[in-house]
Structure formats: C-alpha cells, structure tokens
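Peer 1: Quick one, fold the following:
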Amino acid sequence: MPLALRPASEDDLSDLEPLTPSRSKSGKDKARDKLERERTKGQPGSSAGSEKKRAIVWHPEEEAKKIAKALNHHKADPDPVIDILPALTHDQTWLLRKEYRKQVKIQGKGISLPKHLKMKLTGNFGKAAYVTALGRFESEGYWANFFYQSHGSRRELLIESLMGRTNGEIRMIKDEFKDKRYGDDLEKCLTKELKMDKFRSAVLMVLEERRQEEQDAYPAEYVDRDVETLYRSLTARQGGESAMLEIVVKRSDAHLRRVLDGYERAHGENFARAALKKSNNLVGEVIAHILNGVINKPVRDAMLLNHAIHDVAAKNKDDDLRYELLMSRLVRVHWDKPHLERVKRAYAEKFRKQLKDDIEDATKGDFREFMAELVETK
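Peer 2: Residues are numbered from 1 along each chain as shown. Below you'll find the model as predicted:
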C-alpha cells in the first residue's frame, strides 16, 4: 500500500486517539448553504456575528480588480493571487468568481477566474492557484478524475476526494464536476474509466449518496450485527472484502466508532489493523482512509500531509505527482479553518515541528508562498 495512505507502522495507528463510546428542493445554492450551516454548527468562529462582520469588511469587487490587474501583464504578478486566494472561504471564492466574470472579458465574453489563472500562471504554483479557485467541491471533482487523465496507477487522489464524505458533500462534488467528455457527469466518468473490480464498486457505492447520516443512530443490534459481519469477513479463507466495504463505506462515522469499539471488546483486536493485514490492496486503502478518519481525522490528515511533504523534499525533481498530493491535501483541509487548526496541532504533537515550517523547507518560490498562506487560519 502506498506510504501516503498507509501509516508508516502499526504504531501510527496506536497514536490515534482511543475510541469513545435529500436533495435540495431549490437547487445547488440552497444545498450549499445547508451543507455549510451543518458543517460550521457549533464550531469556533462560526457565530452569526463573526460571519456578518467578515462579510462587511470583504469586497469581492476590489479583490477581482487586483487579480485582474496582476494577470494583465506579459509576466503575471503572483503577489495578489498569493495574498487573496488562500484566505477566502468557499462561499467567498464563489462570489469572487462571479465578480471576476463580470469584470474581466476577452472578446466581449466574461472569463472564469480559474481558467484565467490556468492561462496566465505556470508550474505547481499555477496549478495550486487554479485548484483553489475552483472552490471546495469543484476541486474535488478535478482530483477525482485526474488519475485517469495523468496518473492512472495512482489512486490516492481519487480515494481522498470521495471516501468518507457525507451525502451532502458527494452531492455537491457531483453537481460541480466538469468534464465535457462525460457530459459533466462524475458517475459516468468513473463508471467508464475504472476497471471492473471491488474498488470500482466502492467508488460507485459512494456516488449513490446512500451513506448513513450522522444523526441517524441505528439500534444496538445493528452494531452487533456489523461487528460479527466484519469478524466473519476477516476470518474467511477467501473473499470477505465486499462485505467489509459495504459496512465501512455506507455507515456513518458515529456508527463506525461504535462498531470499532464493539469489535475490540468482542474479539480483542483492532479491526483497522486486522483489515490492513488482510487487504494489502486498493480495498485496504479505502478502508484505511475511512477508518483512520473515523478514529481521528486531524491525526490522519496530519500524517497524509507529512508523507506528501517528505516525498516532495526527497524527490521534488522526479515526480510531479508528489506536488499534486501535497496541494490536494492542503487545499482540502484549508477550507475548514477549525479543522485546519486541529490538524496543525496534531502535526506539531506528532512530528515535533510546525506544519508551515515543514512546507516552507520542502518547497520553493511562488509555490512555497502560496502553500504557506493556505496554512494560515487568521
């Protein structure tokens, strides 16, 4: 299993904290608003007062003008892009894109901000700016189908963009997916591009949007049934992976915590470790990614970032994918500032270094400056 998804050793799993006991009726905007409310409910800095204050002092018209001016040169000025894009929330990014299309026109037609960035900026910095400008959900669709366009043998980007998501997040990723070859249909794209195997079945299962919702608590007998199904799957001489995927992919995080706790009490072993031993393949990668997030998402994401950073530092002239893993992981966590703070704390506790310092040591130039700004949570 690739290092980026598999813990460096079983000790890494033990470092994770112990376990403790409808589609929108009025379109994408309402679905996005509802998802954002659910995501920020009860989180630090998510009060109505703080959001209102931030909205008053931020002006998308001025920011759009600054970026347009920066790009309107033979050699684009990177500073405004670095200063503006990483600090924006998902909703602010959408407002900026809307304003940019109104202000900037080529042959009389408004141009999208991500496309303009892609035209004018180059290298890893240009790609990072482009993906960030896509926003929280369209960027995940970009990574979900990136593997077949450039790196068919590397599935981390696909796994991390889709696995462990809520139904609402999957819905938004599907709604904002762009690929004209497949009529902007993510399900059609992955059905065609993935070979017929259990990994493909797991991906399509996610896209069905039938995962248990976090607020839906199943009775205790469901937990016991899942525990025994997982045990039979692990102890079977052959097969068992499909049954494991059915549970791990379709159950909520809260339910899976109860199952993992019940499994350890009933059978005296950690199911996540046992599953990795049985399935040292793509199925194992899917299970590891989801369950590591269930156990401790900040630690999981800190480990993923650390692996990507060290890959870039060690092989930064050999493989562009090293950069893509880093930028995909960092752009992903930066949308949720409270979660990013938890990731930074977990990173410092586990690796005894600051995330921003490691990123700056491993990268260079405008790319380094942009990545460093993504880590900021002010």
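Peer 1: Surely Leu304 is in contact with Ile159?
Peer 2: No: with contacts counted by CB atoms under 8 Å, Leu304 stays clear of Ile159, the gap being 10.7 Å. Glycine gets a C-beta too; all of them are placed from N, C-alpha and C.
Peer 1: Show me which residues of the helix or strand harbouring Asn296 are buried.
Peer 2: Asn296 belongs to helix 282-315 when assigned by DSSP states H and E. By neighbour count with 16 or more other CB atoms under 10 Å, helix 282-315 contains the buried residues 282-312.
Peer 1: Now whichever helix or strand comes after that helix: average pLDDT?
Peer 2: Under the assignment DSSP H and E, the closest C-terminal helix or strand after helix 282-315 is helix 320-334. Averaged across helix 320-334, the pLDDT comes to 91.
Peer 1: what does helix 320-334 contact?
Peer 2: Residues outside helix 320-334 that contact it (CB atoms under 8 Å, 6 or more residues apart in numbering): 4, 86, 124, 127-128, 131-132, 139-140, 143, 146, 150-151, 154, 156-157, 160-161, 301, 304-305, 307-309, 311-312, 315-316, 339-340, 343, 359, 362-363, 367, 371, 374-375.
Peer 1: Give me the distance between Asn281 and Val206.
Peer 2: 18 Å (CB to CB, to the nearest Å).
Peer 1: How about Arg265?
Peer 2: 29 Å.
Peer 1: Which one of those two is surrounded by more residues?
Peer 2: Using other CB atoms under 10 Å, the more surrounded residue of Arg265 and Val206 is Val206, with 23 against 9.
Peer 1: what does the model give the more buried one for pLDDT?
Peer 2: 98.
Peer 1: so it makes contact with Leu245?
Peer 2: No: shown here, Val206 and Leu245 do not form a contact pair, counting by CB under 8 Å, at 10.1 Å.
Peer 1: Give me the residue ranges of the stretch 201-350 of the chain where confidence is low.
Peer 2: 316-320 (pLDDT under 70).
Peer 1: at 80 what do you get?
Peer 2: 315-321 (pLDDT under 80).
Peer 1: how deep is Val219 tucked in, by neighbour count?
Peer 2: You called it Val, but residue 219 is Pro. Neighbours of Pro219 (other CB under 10 Å): 8.
Peer 1: Would you list the phi and psi of it?
Peer 2: phi -60, psi 160 (degrees, to the nearest 10).
Peer 1: got a list of what it touches?
Peer 2: Applying CB under 8 Å, 6+ apart, no residues qualify as near Pro219.
Peer 1: Against Arg332, how distant is the nearest residue to Pro78 once chain neighbours are set aside?
Peer 2: Nearest residue to Pro78 in three dimensions, chain neighbours excluded: Asp366, at 4.4 Å (CB to CB, 6 or more residues apart in numbering). To Arg332, Asp366 is 21 Å away according to CB to CB.
Peer 1: for His74, same thing?
Peer 2: Distance from His74 to Arg332, by CB to CB: 33 Å.
Peer 1: the more surrounded of these two?
Peer 2: Using other CB under 10 Å, the more surrounded residue of His74 and Arg332 is Arg332, with 22 against 5.
Peer 1: Quick check: Asn145 touching Thr191?
Peer 2: No: judged on CB under 8 Å, Asn145 makes no contact with Thr191 at a distance of 11.6 Å.
Peer 1: what is in contact with those two at once?
Peer 2: With CB under 8 Å, 6+ apart applied, the contact sets of Asn145 and Thr191 do not overlap.
Peer 1: Can you give me the distance of Lys297 to Glu369?
Peer 2: 27 Å.
Peer 1: Revised request: answer the last question for Thr377.
Peer 2: For Thr377 relative to Glu369 (CB to CB), the value is 17 Å.
Peer 1: So which of these two has more stuff around it?
Peer 2: Between Thr377 and Glu369, counted using other CB under 10 Å, Glu369 has the larger neighbour count: 18 against 15.
Peer 1: what about stretch 85-99, distance to the chain center?
Peer 2: 18 Å (CA atoms, centre = their mean, to the nearest Å).
Peer 1: buried ones in that stretch?
Peer 2: Using 16+ other CB under 10 Å as the test for burial, stretch 85-99 gives 85-90, 92-97, 99.
Peer 1: Using PDB, list the CA coordinates for it.
Peer 2: Extracted C-alpha coordinates of stretch 85-99, given in PDB (Å, rounded to 0.1, in the frame of the first residue of the first chain):
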ATOM      1  CA  LEU A  85      -7.000  33.300  -2.800                       C
ATOM      2  CA  PRO A  86      -5.700  31.200   0.200                       C
ATOM      3  CA  ALA A  87      -7.600  33.400   2.700                       C
ATOM      4  CA  LEU A  88     -11.000  33.000   1.100                       C
ATOM      5  CA  THR A  89     -13.800  30.700   2.300                       C
ATOM      6  CA  HIS A  90     -15.600  28.600  -0.200                       C
ATOM      7  CA  ASP A  91     -18.500  31.000  -0.400                       C
ATOM      8  CA  GLN A  92     -16.200  34.000  -0.900                       C
ATOM      9  CA  THR A  93     -14.400  32.100  -3.700                       C
ATOM     10  CA  TRP A  94     -17.700  31.700  -5.500                       C
ATOM     11  CA  LEU A  95     -18.500  35.400  -5.000                       C
ATOM     12  CA  LEU A  96     -15.100  36.300  -6.300                       C
ATOM     13  CA  ARG A  97     -15.500  34.100  -9.400                       C
ATOM     14  CA  LYS A  98     -18.900  35.600 -10.100                       C
ATOM     15  CA  GLU A  99     -17.500  39.100  -9.800                       C
END
